[in-house]
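Q: generate coordinates for the sequence data below:
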Amino acid sequence: MKVLIKPQVTKPWSQEMYDYNDKVATMMIREIQKSIRKYKNNFDKLNELMVLCGGIKYGDGYSIDELYKDVFCEVVNVQNYWLNEEYPYAVKQGLVESVPYNFIGY
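A: Residues are numbered from 1 along each chain as shown. Got it, this is the predicted structure:
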């Protein structure tokens, strides 16, 4: 794994801060994608991953195949600020593995 060097926090944010946070988000997204594959046949776990990625939950009437496909679509659009808020909780719940870095500037 590549080692990230944490940039100095500045106001307004520097490009280095944005780049660093994007790299952290990429690590988190990869872990989420691993969990999506792991829970491919578990509607409830996939639904929790959907909450992590988009803040929405699927109800009755949706198939597990639809949820599986849609959660992959959502994960590529998840915002860094949302991951900053929700990812630690998902780690505590055992949905995803932790990553060795945290966002900065929030």
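Q: secondary structure element for Met17?
A: Per DSSP states H and E, Met17 falls inside helix 15-38.
Q: helix, strand, or coil at Glu97?
A: When classified by DSSP: H, G, I helix; E, B strand; the rest coil, Glu97 comes out as coil.
Q: is it true that it touches Lys38?
A: No: with contact defined as C-beta atoms under 8 Å, Glu97 does not reach Lys38; the gap is 10.2 Å. Placement of C-beta: from N, CA and C, glycine included.
Q: mind listing the shared neighbours of these two?
A: Contact criterion C-beta atoms under 8 Å, 6 or more residues apart in numbering; residues shared by Glu97 and Lys38: none found.
Q: need the contact partners of the one helix or strand Lys69 maps to.
A: Assigned by DSSP H and E, Lys69 belongs to helix 64-75. Identification of contacts with helix 64-75 by C-beta under 8 Å, 6+ apart yields 29, 32-33, 36, 40-41, 43, 46-47, 49-50, 53-54, 56, 58.
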